[in-house]
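[1] using only what follows, build the 3D model:
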Amino acid sequence: MREPPPPRRIALFLRRMTVRLGASRFGRRGAALLSLVVIGGFTAYGVVLGGHVEEAHEFVVDMGDAAANIAGFKIAQVNLSGQNHVTPSEILAAAGIKPTTSILFVNADETRARLESMPWIASASVRKLYPDRVDIHVVEREAYALWQMNGQINVIAKDGTPIAPYSDDPRYVNLPIVVGEGAQEQVGEIVDALARVPAVRDQVRAAILVAERRWTLKLRNGIDVRLPEGPVDDALLQLADLDRDKKLLTRDITIVDLRLPDRVVVRLSDAAADARAQMLKARAKAKKGGAA
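    Residues are numbered from 1 along each chain as shown. Next up, the predicted model:
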């Protein structure tokens with residue numbers, strides 16, 4: 001069986017050591033000795049490879065870090081910027097930077113990719129400044145809405161990425177709420193549409209995605225507003241006009257159905273429906289009596 005090639009970090013170390021260690025305080029002799037240390041570590045890697053890949057890899061990495069640190073390449077300063085929700089310890093852990101890490105073994109591209117895999121981080125940049133400094137800048141996603149699914153509520157970004165479980169953090173209290181499967185993927189559409197009609201937006205408690213095709217708005221007073229499929233701007237403007245002119249949303253109703261382009265369908269509450277039935281019955285009786 002062909003032996004696997006040496007880890008990229010070891011190869012990277014050897015290449016950089018050839019260039020840089022000759023100028024260090026150890027000079028050529030120090031470079032040669034440190035090279036032997038790393039080669040010895042790689043030999044140990046091959047010896048214990050069978051069945052212990054992770055242990056062997058960590059062993060070689062630690063030996064390489066130790067050798068490079070002796071030569072003056074131990075990371076002494078890490079400058080972090082841009083973080084708000086993510087803590088410095090979480091950033092360092094994701095970056096793989098420990099107190100014993102050598103700057104020679106920090107791969108900026110791989111470190112950036114690991115940071116950008118964190119839910120809160122949208123983008124990251126990693127700069128190495130020899131001999132012992134690393135600068136990390138992150139751009140965090142913004143909490144855009146709350147997404148409820150299967151009884152769980154998560155904070156999501158505008159692109160729908162879940163970034164944190166909901167908590168009592170004051171920053172989350174006034175976020176719009178969307179509910180249902182696929183709602184996180186269409187959250188920008190409904191939130192932006194409501195933002196253009198603040199008279200309606202301010203009355204909405206949650207937007208529920210139905211069958212991943214259309215939205216139903218749950219208002220704070222309990223009324224359900226059924227919106228049509230596709231763009232909802234016209235329907236929201238129509239609803240705002242009806243409420244302004246007819247006080248529609250303060251009436252004793254339970255549903256406003258805006259799915260039909262040529263009409264608005266309203267369902268009365270049970271109490272209102274009973275009252276209306278009694279009124280119609282009384283009118284019919286009075287009309288019958290008058291005819292007699």
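
[2] where do the helices of this structure begin and end?
    8-20, 27-47, 53-68, 88-95, 108-116, 187-195, 198-201, 233-246, 270-291 (DSSP state H).

[3] worst average pLDDT in those helices?
    Ranked by mean pLDDT, these bottom out at helix 27-47, with a mean of 51.

[4] show me what contacts the closest residue to Ala199 other than its chain neighbours?
    Leaving aside its chain neighbours, Ala199 sits nearest to Ala240 (4.6 Å; criterion: Cβ to Cβ, 6 or more residues apart in numbering). In this view, the C-beta of every residue, glycine as well, is placed from N, C-alpha and C. Listed by Cβ atoms under 8 Å, 6 or more residues apart in numbering, the contact partners of Ala240 are 197, 199-200.

[5] and Ala271, how many residues sit next to it?
    Neighbour count for Ala271, taken as other Cβ atoms under 10 Å: 9.

[6] shouldn't it be in contact with Ile253?
    No. Using Cβ atoms under 8 Å, Ala271 makes no contact with Ile253, being 10.8 Å away.

[7] return stretch 250-267 as CSV; C-alpha atoms alone will do.
    Taking Å, rounded to 0.1, in the frame of the first residue of the first chain, the C-alpha atoms of stretch 250-267 are listed here in CSV:
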residue,chain,number,x,y,z
THR,A,250,-61.1,47.0,14.2
ARG,A,251,-64.3,45.2,13.3
ASP,A,252,-65.5,41.9,14.9
ILE,A,253,-64.0,39.6,12.2
THR,A,254,-61.6,36.7,12.2
ILE,A,255,-60.4,36.4,8.6
VAL,A,256,-59.7,38.8,5.8
ASP,A,257,-59.1,36.9,2.5
LEU,A,258,-57.3,38.9,-0.2
ARG,A,259,-56.5,35.9,-2.4
LEU,A,260,-59.1,36.8,-5.1
PRO,A,261,-58.1,39.7,-7.3
ASP,A,262,-61.6,41.1,-7.7
ARG,A,263,-63.0,40.9,-4.2
VAL,A,264,-62.3,40.9,-0.5
VAL,A,265,-63.9,38.1,1.6
VAL,A,266,-64.4,38.7,5.3
ARG,A,267,-65.4,36.1,7.9
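
[8] buried residues in it, which are they?
    Judged by neighbour count (16 or more other Cβ atoms under 10 Å), stretch 250-267 contains these buried residues: 253, 256-258.

[9] next step: the residues you listed restricted to strands.
    253, 256-257 (DSSP state E).

[10] ok, of those residues, which one's closest to Pro176?
    Val256 (19.3 Å; Cβ to Cβ).

[11] what's near enough to touch that closest one?
    Per Cβ under 8 Å, 6+ apart, neighbours of Val256: 223-226, 239, 242, 248-249, 264-266.

[12] again, 7 Å this time
    For Val256, the contacting residues are 223, 225, 239, 248, 264, 266, by Cβ atoms under 7 Å, 6 or more residues apart in numbering.
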